[in-house]
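Participant: The amino acid sequence is not available; the structure is as follows:
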């Protein structure tokens, strides 16, 4: 007879961080990934990049 594994309790800090990250994604406060700094700087000059800067988003 094997014992069933017990479910671990969820940690509130992890749940809060996940909720914050999902809210950032839904609000458009997350930038796409870039292969290098040059690609990032070029993107910042696009319409999407300018909108990202002016909404006060932080790069993730």
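Facilitator: Yep, that arrived. Quantities reported herein were computed from a predicted structural model and do not represent experimental measurements. Numbers count the residues shown, from 1 in each chain.
Participant: need the helix or strand of the protein with the lowest average pLDDT.
Facilitator: Ranked by mean pLDDT, DSSP states H and E, the weakest helix or strand in the chain is helix 47-54, scoring a mean of 87.
Participant: quick one: contacts of it?
Facilitator: For helix 47-54, contacts defined as Cβ atoms under 8 Å, 6 or more residues apart in numbering pick out 28, 31, 43, 44. In this view, the C-beta of every residue, glycine as well, is placed from N, C-alpha and C.
Participant: If we ignore the residues flanking it in sequence, what's nearest the third one?
Facilitator: Residue nearest to residue 43 in three dimensions, not counting chain neighbours: residue 49, with 4.6 Å by Cβ to Cβ, 6 or more residues apart in numbering.
Participant: How much space separates the one you found from residue 36?
Facilitator: Separation of residue 49 from residue 36 (Cβ to Cβ, to the nearest Å): 15 Å.
Participant: So if I had to pick from those two, which one is more boxed in?
Facilitator: Per other Cβ atoms under 10 Å, whichever of residue 49 and residue 36 has more neighbours is residue 49, with 16 against 8.
Participant: what about the more buried one, distance to residue 26?
Facilitator: 19 Å.
Participant: tell me which element the most centrally placed residue in the chain falls in.
Facilitator: Nearest to the mean C-alpha position of the chain, by Cα atoms, centre = their mean, lies residue 21 at 4.8 Å. Of the helices and strands defined by DSSP states H and E, residue 21 is found in helix 12-27.
Participant: I am finished for the moment; much appreciated.
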